[in-house]
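# give me coordinates for this.
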Amino acid sequence: MVKPLKPHSPHLILNYSLRCCPFLSFSSNPDLNNLGFPNLVHRVCEILSNPRIPWRGSSELKSLAPKLKPYHVAKIIETHNSTDSVLQFFYWVSKRHFYKHDIICYVSMLNRLVKDKYFAPADHIRILMIKACKDEEGKVQEAEIILAQIYQYEMFPDVFTYTSLILGHCRNGNLDKAFVVFDQMVKKGIDPNAVTYTTLINGLCDGGRVDEALCMIEGMIENGIEPTVYTYTVPITALLAIGRVDEAISLVASMRDKGCQPNVQTYTALISGLAKCSQLEVAIGLYHKMLRDGWFLQQLHIML
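I've put the predicted structure just below:
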């Protein structure tokens, strides 16, 4: 839940981000001296303000939209007189196949919403920003710095936000940073969920740290969080990939004992792994057991 905030400055998030993130930049370099820049921004603002023609149905806006760059959108967000209109425009333009918001657009939208006390939409934009940033290392760092500043507005990030940052670091191979974020969320009183743990377990397995991943499964169980079938399948696959067949089979038995039944993906990983480890007879035996249990994997049938 987003608490009421007490803004110190209407543009604190943006100012802080630009000061502390020299790598924060626009997607394109606008030529502010080019008459096309202010004219385009001004014209879009006029269309958004036209009381006679709803802007969503404006053919002119549709023709102008392909010319819009993130720096245009950021300026429209900052200058248009209606917060409701620019918020809807922010969503609308993000759905155009030729356009993608950059970090400055998200920050500009956050600034506008925070200033005008649109707290629920601000929280949603914050989530979208984290999702947009999580796949690129530099952008994950930008999102973290902005996230730190958001705390000053009493807009406290939730488990989804933290998990998204963790996922971003894991995808970039920055496991140490992922665990720093994990520790931060725990210290802030945000309880990790199964997705959070599974994200870290997946990252550990991708990084060759399978034993740590297995310890993490034990840790989440101790904390009262039930691993999902995917949580188990990831280390099972990793164990088989490095030839630790007995441990993989033992982990399958363990997940069964805890009431988590293997699914098609688990069996696919297990049978494929057994076959690659030259345990073809065991793989075939397991495959036939699956058939008796009502499972059928066409791909494995062809392979075996």
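# torsion angles phi and psi at the closest residue in space to residue 70 that isn't next to it in sequence?
Excluding the flanking residues, the one nearest residue 70 by Cβ to Cβ, 6 or more residues apart in numbering is residue 102, at 4.2 Å. Using the backbone N, CA and C atoms, a C-beta is placed for each residue, glycine as well. Backbone torsions of residue 102, given as degrees, to the nearest 10, read phi -110, psi -180.
# please renumber the chain so that the first residue is 183 from this point on.
Noted, 183 is the first residue going forward, which turns the last one into residue 284.
# measure residue 448 to residue 362 for me?
Distance, residue 448 to residue 362, by Cβ to Cβ, to the nearest Å: 31 Å.
# before we move on, what about residue 251?
Here the criterion is Cβ to Cβ. By it, residue 251 lies 34 Å from residue 362.
# more neighbours: which of residue 448 and residue 362?
Shown here are residue 448 and residue 362; by other Cβ atoms under 10 Å, residue 448 has more neighbours (21 against 14).
# residues touching the more buried one, list them.
Residues counted as contacts of residue 448 (Cβ atoms under 8 Å, 6 or more residues apart in numbering) are 411, 414, 415, 418, 434.
# what's the neighbour count on residue 256?
The burial count assigned to residue 256 is 25, neighbours taken as other Cβ under 10 Å.
# can you name the next helix or strand after the helix or strand hosting it?
For residue 256, the host element (DSSP states H and E) is helix 252-261. Taking DSSP H and E as the definition, the helix or strand that follows helix 252-261 towards the C-terminus is helix 265-276.
# now the element after that following helix, going C-ward?
helix 285-297.
# is residue 256 in contact with residue 286, as I believe?
Yes - using Cβ atoms under 8 Å, residue 256 is in contact with residue 286, at 5.0 Å.
# the helix or strand hosting residue 359 - contacts with which helices or strands?
Here residue 359, judged by DSSP H and E, is contained in helix 357-369. Under the contact criterion of 3 or more Cβ pairs under 8 Å, 6 or more residues apart in numbering; DSSP states H and E, the helices and strands touching helix 357-369 comprise helix 341-353, helix 376-388.
# how many other residues sit next to the residue nearest to residue 252?
For residue 284, the tally of surrounding residues (other Cβ under 10 Å) stands at 22.
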